[in-house]
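Student: 3D model of this:
(one chain, ligands or ions: 1)
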Amino acid sequence: MLLESIDLIQFKNHLKTNLRFSPGINCIVGLNGSGKTNILDAIHYLSLTKSAVQSSDTLNISHDLDFFSIIGKFQVENKPLEVRCSFEAGKKKQIFQNGSPLPKTSDHVGMIPLVLIAPDDTELIKGGSEGRRKFFDGLLSQLDHGYLDQLIRYHHYLKQRNALLKQFADTGGRDLTLLGSYDQELIRLSVELAQKRKLLLDEMAPVLQEYYKKISSGLEQVSVNYETEALRPDFGAYFHSLRQKDLITKNSNAGIHKDDFDFQIGGHPIRKIGSQGQQKSFIIALKLAQFEIFEKSRGEKPLLLLDDIFDKLDDERIAKLMELVSQGNFGQIFLTDARPERSKTILAGLESEVFYFEVEKGVVKK
Ligand SMILES: Nc1ncnc2c1ncn2[C@@H]1O[C@H](COP(=O)(O)OP(=O)(O)OP(=O)(O)O)[C@@H](O)[C@H]1O
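Tutor: Here you go, the predicted structure:
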């Protein structure tokens, strides 16, 4: 997987930016708020069709303008692929592959595998379960297009069912046949999706452990404990048993939207007992395990985005990460740093070809 060049048109503070990348390391430097992360976010759009930072597409259009466009020229399995993501305020976002529009943006997910390591990643540990579900859903969607289709259908039925529960409460109506048909779909899809989540975690477990050891030199056992009701043998009965509660709360109280992933160290929740360092090591190990699983599945290394890690990680973890880079574990890397001298020193000893880009208020000098 190679990103040869990118064009940002009216994307955040980049009115018109064109960058030609190194197949090795691309280091984007500049002051805080100059627009470094925005470049990584544009690459994120070309892979996952959305921002990693700002969920509203409209807010990603440069102020006072009405559209943005991002164009990336890739080599995918040694064939050229041009991806364009365009969004006009008030209209549907569109993805074009080699000039042809895709019927749905989700059709593109998985084409350009990407792993992002960003400073607020420890929110994955500290924050609510939604962030963890999003992370594993994003991972599985990039690996398996069927998973994304099932997940989209799941959320569609969930929305319909919750709207129906609300309608029952508002009107006193009771279309139990329709409710029952939503129940069937949600039960079936919950089981299918939970099985895929479980399989992924089983595959990930040894890889996570191996990277945790490499990053932290720690000997602790780390794991992800999948918490779901959907794999109980009596899940269907359990789902139905909550109907009364669903009617009262006007909400669906069972299903994979209630799942959580408990990150553990030595058999205990890392959120509660892990030190800052252990938490950071865990997240990096998790992301690198994601990288390895993508690589194995695609036979190609995904793009690796490292946002501001030199600032947020301590020297020991940076050194370990750079050791992996120098061993050729990764392919093309994009990283940001507010302090050019620091990244130059850290990257100096590496064999990879390093391109530096200096950003100033959304304008890039190479
Ligand atoms: N829609 C938009 N239109 C214009 N500018 C925007 C828009 N959205 C964000 N920005 C600007 O983008 C800048 C932030 O860019 P970015 O997050 O890439 O900074 P950075 O260089 O990574 O900074 P840091 O080193 O602090 O992480 C801010 O100046 C912000 O005002």
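Student: C-terminal to the helix of greatest length in the chain, what's the next element?
Tutor: Ordering each helix of the chain by length in residues (DSSP state H) puts helix 176-216 first. The first helix or strand that comes after helix 176-216 along the chain, using DSSP states H and E, is strand 222-227.
Student: Quick check: can you name the pairing partners of that next one and their directions?
Tutor: Take DSSP bridges as the rule and strand 222-227 pairs in its sheet with strand 260-265 (antiparallel).
Student: Now the strand it pairs with: average pLDDT?
Tutor: Per-region confidence: strand 260-265 scores 97 on mean pLDDT.
Student: buried stuff in that strand?
Tutor: By neighbour count on 16 or more other Cβ atoms under 10 Å, the buried set for strand 260-265 is F261, F263, Q264, I265. From N, CA and C alone the C-beta is placed, and that goes for glycine too.
Student: what helices or strands is the longest helix of the chain leaning on?
Tutor: The contact analysis (3 or more Cβ pairs under 8 Å, 6 or more residues apart in numbering; DSSP states H and E) places helix 176-216 against helix 129-143, helix 145-171, strand 222-227, helix 235-241, helix 276-298, helix 315-326.
Student: quick check: angle from the first one to helix 145-171?
Tutor: Pointing back at helix 129-143 there. 140 degrees (axes from the mean of the first three to the mean of the last three Cα atoms, to 10 degrees).
Student: angle of helix 129-143 against helix 276-298?
Tutor: Between helix 129-143 and helix 276-298, the angle comes out at 30 degrees (the same axes, to 10 degrees).
Student: again, but for the last one
Tutor: Put simply, helix 315-326 runs at 10 degrees to helix 276-298, going by the same axes, to 10 degrees.
Student: From the chain's centroid, how far away is helix 315-326?
Tutor: 22 Å (Cα atoms, centre = their mean, to the nearest Å).
Student: now do the shortest one
Tutor: The gap between where strand 222-227 is centred and where its chain is centred comes out at 19 Å by Cα atoms, centre = their mean.
Student: and what of the second one?
Tutor: For helix 145-171, the distance between its averaged C-alpha position and the chain's averaged C-alpha position is 23 Å (Cα atoms, centre = their mean).
Student: same deal with the fifth one?
Tutor: In terms of Cα atoms, centre = their mean, the centre of helix 276-298 is found 12 Å from the chain centre.
Student: contacting residues for whichever residue of the stretch 251-366 of the chain sits closest to the ligand?
Tutor: The nearest approach of the stretch 251-366 of the chain to the ligand comes at A338, 4.4 Å away (Cβ to the nearest ligand atom). By Cβ atoms under 8 Å, 6 or more residues apart in numbering, the contact list for A338 reads V29, G30, L31, N32, K36, D308, D311.
Student: switch the cut-off to 6 Å
Tutor: Contact analysis of A338 by Cβ atoms under 6 Å, 6 or more residues apart in numbering lists N32.
Student: Please report phi then psi for it.
Tutor: The phi and psi values for A338, taken as degrees, to the nearest 10, are phi -80, psi -10.
Student: and if you look at H14?
Tutor: Dihedral angles for H14 - degrees, to the nearest 10 - are phi -100, psi 100.
Student: rewinding a little: would you mind finding the most buried of the helices and strands packed on helix 176-216?
Tutor: helix 276-298 (a mean of 21; mean count of other Cβ atoms under 10 Å).
Student: That helix - contacts with which helices or strands?
Tutor: In terms of contacts (3 or more Cβ pairs under 6 Å, 6 or more residues apart in numbering; DSSP states H and E), helix 276-298 is packed against strand 114-117, helix 176-216.
Student: And these: which comes nearest the ligand?
Tutor: Closest among those, once you apply Cβ to the nearest ligand atom, is strand 114-117, at 13.2 Å.
Student: Perfect, I'm done here.
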